[in-house]
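J.: Fold the stuff below for me.
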Amino acid sequence: MVETKLNTYLEEIDRKKAGLEKLSDDIWEFAETAFSEHNSVKALADFLRAEGFSVTEHAYGVETAFTAEFGQGRPRIGILGEFDALSGLSQKAGLAEKEALIPGANGHGCGHNLLGVGSVAAALAVKKYLEDGHQGTVVYYGCPGEEGGSGKAFMARGGAFKDLDCALTWHPGVVNAVSKDSSLANFQVLYSFKGISAHAAGCPEMGRSALDGLELMNVGTNFLREHMLDKARVHYAIIDTGGYSPNVVQSEAKAIYLIRAPKVGEALELYKRVDKIAQGAALMTETEVEKTLIKSCANLVSNRVLEQVLDQAMTDIGVPSYTEEEYEKAAAYTATAPAGADRGYRDLIEDHLDPENISFLRKNKNRRLYDFIVPYEKIHLVKSGGGSTDVGDVSWMCPTAQFNTATWAPETPGHSWQVVSQGKSETAHKGMLYAGKIIALAAMRLMENQELIRAAREEFDEEFEGQTYVPIPDEVKPRAISDIQ
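T.: Numbering: from 1, shown residues only. Reported below is the predicted structural model:
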């Protein structure tokens, strides 16, 4: 009887389907990058305020962060939403070939227009449950700047998430699967070299090239790769070469480094080694180097109790149905994928241990849409993925779990024009609303059975015994892309 009643609350998502889809499409159109998401925040906050949520903007000292809360008392469950886009990924919607909507403009190349609104859908259904006389609180967290900004880390520094019993979230993807692996911790740093300008032919001996210093730093870092953890990663982008005149010794040069490793401590140690290389490059060229920490984020710590609750909700709701037109469109997108783009699916198979599950995944590999649920194995090896997410910082504050739903065609590369193009499709909308129902059903079941919440907290406490969260230093402020120079 209780389960039947819970399913009726999910109908709120169906009733609000048109408004939710429009909201997602509007955010797709805004395509605002990290910490500049003013229009997106207004649209989301206004929508939730109109639905009866108590909204707090500029939350936790972050200008484009906000919360929307409903209910009272415990359990207190957080639902995470994102809404930032990526620079330079403008693309026309619904077109299975690369063509910018506005050349050089931004685009939702990671599907955060869907992510933010799918989580809104979940909050609406949980609100309906709470209005029916149930005890508890649902908090929607509007989290800016996931792409290179670590918005949740800045929010955590300001006190967010630690008062929650648990947090739930999702991410658009190519499969329907509960996430069980970790992510890489990282530090993002701006290195600025300063030298002495001079005429490169008339008096080169008077010059000290900042660009030489930066190039030597890059070379030194590349030699470091042989002597760091296999899972560690170091990337850099030169953002200032000092000018366009080759007959001038460049007095300034800058690069942004992203330094990653499976654990926070490992990433910090690697960061210190990169620092030494920068200092050495400055010594070799008689230049000066300054560093500015832009942001950091922690590794994601999984919670198997919550993951199993999400998996059960995903199974009980069941995947969306698709039209033949949607299958054909998905196949057209898959055909545009570069060779080897299916690595993610191969990794998915390798993550499994049960022979029957491995056979199932191999059998369904070539489907035009992954219209099935990837089996969740309770016994599994937790691996560090190749990417990072600031959901990791939330997972250090409270028990946290997340999942993917299929919003894109198989083999769709992440951070690509293909993702942007599919961001307003019916397939994407179906995956988004499916995600909302999964989170909502999981949250309501946790509120109904608080023993699950206690078990999740026990696992969390065991996982973090003896470990301390290291927040971003107070002097480091959230920075929009346009402010990093």
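J.: And the next helix or strand past the helix or strand of the chain with the lowest mean pLDDT?
T.: When each helix and strand of the chain is scored by mean pLDDT, DSSP states H and E, helix 343-350 comes last, with a mean of 86. The first helix or strand that comes after helix 343-350 along the chain, using DSSP states H and E, is helix 355-363.
J.: Next, the buried residues of that next one.
T.: 357-358, 361 (16 or more other CB atoms under 10 Å). (C-beta placed from N, C-alpha, C; glycine too.)
J.: swap in stretch 46-56?
T.: 47-48, 51, 53, 55.
J.: cool, stretch 306-317 as well?
T.: 306-314, 317.
J.: Might you calculate how far it sits from the centre of the chain?
T.: 21 Å (CA atoms, centre = their mean, to the nearest Å).
J.: Stretch 56-70 now?
T.: Worked out by CA atoms, centre = their mean, stretch 56-70 lies 18 Å from the chain centre.
J.: Kindly report the same for stretch 98-111.
T.: 18 Å.
J.: And for stretch 289-306?
T.: Counting by CA atoms, centre = their mean, stretch 289-306 comes out at 11 Å from the chain centroid.
J.: Any stretches of the chain with poor pLDDT?
T.: 1-2, 342, 380-386, 484-485 (pLDDT under 70).
J.: Can you show me the strands along it?
T.: All strands of the chain, identified by DSSP state E, fall at 54-57, 66-72, 76-82, 136-143, 166-173, 177-178, 185-194, 233-240, 252-261, 288-297, 400-406.
J.: In space, what's closest to S24 - neighbours in sequence excluded?
T.: With sequence-adjacent residues excluded and distances taken as CB to CB, 6 or more residues apart in numbering, S24 is closest to V117, at 4.1 Å.
J.: Same question for L48.
T.: Closest to L48 by CB to CB, 6+ apart is A68, at 3.9 Å.
J.: re the thing from before, from A200, how far off is the residue nearest to S24?
T.: 54 Å (CB to CB, to the nearest Å).
J.: quick one: which of the buried residues of stretch 46-56 is nearest K98?
T.: K98 lies nearest to F47 out of the buried residues of stretch 46-56, by CB to CB, at 31.9 Å.
J.: A298 versus that closest one, what's the distance?
T.: In terms of CB to CB, F47 sits 30 Å off from A298.
J.: could the strands of the chain go into TSV alongside distance to T427?
T.: TSV is the format used below for the strands of the chain (distance: least, CB to CB, whole Å):
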stretch	distance to T427
strand 54-57	31
strand 66-72	27
strand 76-82	20
strand 136-143	25
strand 166-173	10
strand 177-178	16
strand 185-194	31
strand 233-240	31
strand 252-261	31
strand 288-297	30
strand 400-406	8
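J.: Show only the entries of the buried residues of stretch 46-56 found in helices.
T.: Assigned to helices by DSSP state H, the following of the buried residues of stretch 46-56 qualify: 47-48.
J.: Please render the buried residues of stretch 46-56 as TSV that adds distance to H134 to the earlier fields.
T.: Below are the buried residues of stretch 46-56 laid out as TSV (distance: CB to CB, whole Å):
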residue	distance to H134
F47	23
L48	19
E51	17
F53	16
V55	22
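J.: Just name the closest of the buried residues of stretch 46-56 to K437, please.
T.: Out of those, the member with the shortest distance to K437 (by CB to CB) is E51, at 16.7 Å.
J.: nearest residue to the closest one other than its sequence neighbours?
T.: Nearest to E51 is L124, by CB to CB, 6+ apart, at 6.2 Å.
J.: likewise T405?
T.: G431 (4.1 Å).
J.: quick one: the one you found and N404, what's the gap?
T.: Taken as CB to CB, the span from G431 to N404 is 9 Å.
J.: Comparing the two, which residue is more hemmed in?
T.: G431 (28 against 22; other CB atoms under 10 Å).
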